[in-house]
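**Student:** just a sequence and a predicted model for now, questions to come.
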Amino acid sequence: MADLLITNGAVLDVVAGDYAEADVRIADGRVVEVGPGLRAPDVSTIDARGRFLIPGLIDAHVHVIAATADLGSLSTWSPSYVAHRAAGLMGAMLDRGFTTVRDVAGADFGLHDAQAEGLFRGPRLFFGGKALSQTGGHGDPRPRGGHVHDPHPCCAGLSRLADGVDGVRVAARDELRRGAHHLKIMASGGVASPTDRVDSVQYSIEELRAIVDEAEAANRYVTAHAYTARAINRALEAGVRCIEHGNLLDESSIALFRDHDAYLVPTLVTYWALHREGTEHGLSQDSWAKVADVLDAGLRGLELAVRGGVPLAYGTDLLGGMQRHQAREFSIRAEVQPPIDVIRSATVIGADLLQRPGELGVIAPGAYGDLLILDRDPLVDLGVLAESRVETVIQGGRIVAATDA
């Protein structure tokens, strides 16, 4: 852990939406004081005069092992090779200012522990292990002519197959045993899966409720991949706490989000990227053809959710080389939301979703010492984040990335 004093910065209160000229003192990796005229002898000091300080960013939908968009091929890669590729992808996320990420299929306790122990540079990692998918669902990578599915836990991959109430209970308990911070389920069809339709619904209500029961028994929660209102509504009614994507939601979905205090994580940038360059990074032509089904609906769904007051976390869901576009989600969201609300999605709302309010997403006593120093005001020019023009990235009180400026 590191001690650090940052002086004379304009510190953003993301909840209030305004700045205060203040110093920030970090000790043992956490913020201990925020205010004017702070002193800390024999501590590293940064003069942030004329700069803007915001909390470290949170991306609530990543796949750190997805070094290719050909997700079915991951299970054929060496686990050690996958780990090295993941470390590189996570280091790049940190450089863009994301000090915390939530992996929603693929990462495991090994990557979590290695990052926490400082074995490689990367964001704090919250992980859900392998997503649960029904046979023939969004997490089933087999083509129509395939029959064999290798469930071996050592193999890299984003999902595991589980069917029936007993089957999903065992799978849920197993992922929780491995340390998952949440469970991820495939509740509808998807783009990158070979045999399902985007508008399909997946898992029975009884199976969904069994998974939610197991998560709640372990004081964890369930998040669901779902596109259509039908799939979203079934998941929310079964007790799922968070919906990923949600492009095709409708007014009935908005009411259920509010009734169940549930979160939505739109991932609009991934459809923009898949449409432009998905096939270059391993996406099959059949999967690419499905992108149009959700691309145009994304902004309309976001507008509905914003008007309905649904809590929105920041997520990207990018695959392979397209992960370099991670920050572009800021500019896409800004077509619908004011800059402060987009920033809240990537900070304080993300922290609430991760069940770490007050520890992440804020610059306040008791929070982790994760913050960014910017040379432009993101409330005026959100491009400073959308284009990853971050001057300094601080994680746990340590400078982990800095420009030469």
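**Tutor:** Looks like it came in fine.
**Student:** quick check: L318 touching R328?
**Tutor:** No - taking contacts as Cβ atoms under 8 Å, L318 lies outside contact range of R328: 9.2 Å. Placement of C-beta: from N, CA and C, glycine included.
**Student:** and for the two, which residues touch both?
**Tutor:** Residues touching both L318 and R328 (Cβ atoms under 8 Å, 6 or more residues apart in numbering): 269, 273.
**Student:** the more surrounded of those two?
**Tutor:** For L318 versus R328, the count of surrounding residues by other Cβ atoms under 10 Å is larger for L318: 27 against 21.
**Student:** ok, and the closest non-adjacent residue to that one?
**Tutor:** Once flanking residues are discounted, L318 sits nearest to T270: 5.3 Å by Cβ to Cβ, 6 or more residues apart in numbering.
**Student:** my read is the one you found is in a helix, agree?
**Tutor:** Yes - when the secondary structure is assigned by DSSP: H, G, I helix; E, B strand; the rest coil, T270 falls within a helix.
**Student:** how much space between it and A305?
**Tutor:** From T270 over to A305 the distance is 17 Å, taken as Cβ to Cβ, to the nearest Å.
**Student:** more neighbours, the two?
**Tutor:** The residue with more neighbours, out of T270 and A305 and counting by other Cβ under 10 Å, is T270; that gives 30 against 22.
**Student:** my guess is that one contacts D317, does it?
**Tutor:** Yes - taking contact to mean Cβ under 8 Å, the distance of 4.2 Å between T270 and D317 places them in contact.
**Student:** quick check: mean pLDDT of stretch 341-353?
**Tutor:** Stretch 341-353 shows an average pLDDT of 98 in the prediction.
**Student:** stretch 206-215 now?
**Tutor:** According to the model, stretch 206-215 has a mean pLDDT of 98.
**Student:** buried residues, it. List them.
**Tutor:** Along stretch 206-215, these residues count as buried under the neighbour rule (16 or more other Cβ atoms under 10 Å): 207-215.
**Student:** so which of those residues comes closest to I373?
**Tutor:** Nearest to I373 among those: A215, at 37.6 Å, using Cβ to Cβ.
**Student:** now what about the helix ranked longest in the chain, what contacts it?
**Tutor:** Of all the segments of type helix in the chain, defined by DSSP state H, the longest one is helix 79-95. Contact with helix 79-95 is made by 59, 62, 64-65, 67, 74, 101, 107, 110-111, 114-115, 120-123, 125, 154-156, 323-324, 326, 388, 390, 393, 395, 400-401, as judged by Cβ under 8 Å, 6+ apart.
**Student:** what comes up buried for that helix?
**Tutor:** By neighbour count, and taking 16+ other Cβ under 10 Å as the criterion, the buried residues in helix 79-95 are 79, 82-83, 85-87, 89-95.
**Student:** in CSV, list the C-alpha atoms belonging to that helix.
**Tutor:** These are the backbone C-alpha positions of helix 79-95, laid out as CSV (Å, rounded to 0.1, in the frame of the first residue of the first chain):
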residue,chain,number,x,y,z
PRO,A,79,-4.7,-21.7,-19.7
SER,A,80,-1.2,-20.1,-19.2
TYR,A,81,-1.4,-18.4,-22.6
VAL,A,82,-4.9,-17.1,-21.8
ALA,A,83,-3.6,-15.7,-18.5
HIS,A,84,-0.8,-13.8,-20.2
ARG,A,85,-3.2,-12.4,-22.8
ALA,A,86,-5.6,-11.4,-20.0
ALA,A,87,-2.8,-9.6,-18.1
GLY,A,88,-2.0,-7.5,-21.2
LEU,A,89,-5.7,-6.6,-21.7
MET,A,90,-6.1,-5.6,-18.1
GLY,A,91,-3.0,-3.5,-18.1
ALA,A,92,-4.4,-1.5,-21.0
MET,A,93,-7.7,-1.1,-19.2
LEU,A,94,-5.7,0.5,-16.3
ASP,A,95,-4.0,2.8,-18.7
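**Student:** quick one: average pLDDT of that helix?
**Tutor:** In this model, helix 79-95 carries a mean pLDDT of 96.
**Student:** how far does it sit from its chain's centre?
**Tutor:** If you compare the mean C-alpha spot of helix 79-95 with that of the full chain, they lie 16 Å apart, counting by Cα atoms, centre = their mean, to the nearest Å.
**Student:** for the lowest-mean-pLDDT helix or strand in the chain, name the packing helices and strands.
**Tutor:** Every helix and strand in the chain was compared by mean pLDDT, DSSP states H and E; the lowest is helix 285-295, with a mean of 72. Of the remaining helices and strands, those touching helix 285-295 by 3 or more Cβ pairs under 8 Å, 6 or more residues apart in numbering; DSSP states H and E are strand 242-248, helix 268-277.
**Student:** what's next to the last one, contact-wise?
**Tutor:** Counting contacts by Cβ under 8 Å, 6+ apart, the residues outside helix 268-277 that touch it are 69, 191, 247, 283, 288, 291-292, 294-295, 298-299, 302, 316-319, 321-322, 325-326, 328-329, 332-333.
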